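Q: structure for this input, please:
(one chain, ligands or ions: 2)
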Amino acid sequence: MHSSDGSAPEPVPVLVKRLPHGEGLDLPAYATDGAAGMDVVAAEDVTLAPGARHAVATGLAVAIPPHFEIQVRPRSGLALKHGITVANAPGTIDSDYRGEVKAILINHGTEPFAIRRGDRVAQLVLAPVVRAGWVEVAELEHTARGEGGFGSTGGVVSLKP
Ligand SMILES: O=c1ccn([C@H]2C[C@H](O)[C@@H](COP(=O)(O)OP(=O)(O)OP(=O)(O)O)O2)c(=O)[nH]1
Ligand SMILES: [Mg+2]
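A: Ligands and ions are numbered 1, 2, ... in the order given. So this is what the prediction gives:
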């Protein structure tokens, strides 16, 4: 959201600590002014065979403020060109996690994929967290959808006007 004068809001401060093997690497950064995610680089060399997955080190630990999370998301270019994606997308970094941030990458492609230290392998999206509180009831209100789901409104063809 932008403030009423149209200026961008202040970034939310997120504490970040470089681990020893992260020294010398760029911190995650937004590639453009409008980027939603910060590209994060690998802190290790690793080759993913077809079908293999690996928790790729970033060399970073973070302290996210309360009521926020960081999502670890794939980069579309790697997914489209090489079949490299985040196995648990979007990965969840909890605000109370103090271990190393890792990107769990999987190779869905047909060729081995070499990751070199410093390569941008995923993107981190800071997102607000709203917590639910259960309100247990015996009956739920009726809706037009009811229990229909999983394609109940039709297939891939567009809805009739
Ligand atoms: O892609 C990811 C996902 C998770 N984590 C770290 C941060 C997160 O706070 C913690 C736990 O993640 P999650 O809750 O997804 O995993 P879990 O299997 O439920 O483990 P746990 O029992 O530790 O919560 O692991 C990462 O570094 N990268
Ligand atoms: Mg968990």
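Q: would you mind listing what in this structure touches ligand 1?
A: 72, 88, 91, 92, 93, 94, 97, 101, 102, 104 (C-beta under 6 Å from any ligand atom). C-betas here are computed from N, CA, C, even on glycine.
Q: check which helices and strands the helix or strand that contains the first one sits against.
A: Following DSSP states H and E, one finds residue 72 within strand 68-73. Using 3 or more C-beta pairs under 8 Å, 6 or more residues apart in numbering; DSSP states H and E as the contact definition, the elements that strand 68-73 packs against are strand 91-93, strand 100-107, strand 120-128.
Q: direction included, what does the longest one pair against?
A: If I follow you right, that is strand 120-128. Next to strand 120-128 in the sheet, as set by DSSP bridges, lie strand 38-41 (antiparallel), strand 68-73 (antiparallel).
Q: contacts for that strand?
A: 12, 14, 28, 35-42, 56, 64, 67-75, 78, 84, 86, 90, 93, 101, 103, 105, 115 (C-beta atoms under 8 Å, 6 or more residues apart in numbering).
Q: try it again with 7 Å
A: By C-beta atoms under 7 Å, 6 or more residues apart in numbering, the surrounding residues in contact with strand 120-128 are 12, 14, 28, 36-42, 56, 67-75, 86, 103, 105, 115.
Q: which one is the residue in the chain positioned nearest to ligand 1 nearest to, not counting chain neighbours?
A: For the chain, the residue closest to ligand 1 is residue 91, as judged by C-beta to the nearest ligand atom, at 2.3 Å. The shortest distance from residue 91 to any non-neighbouring residue, by C-beta to C-beta, 6 or more residues apart in numbering, is to residue 72 (3.3 Å).
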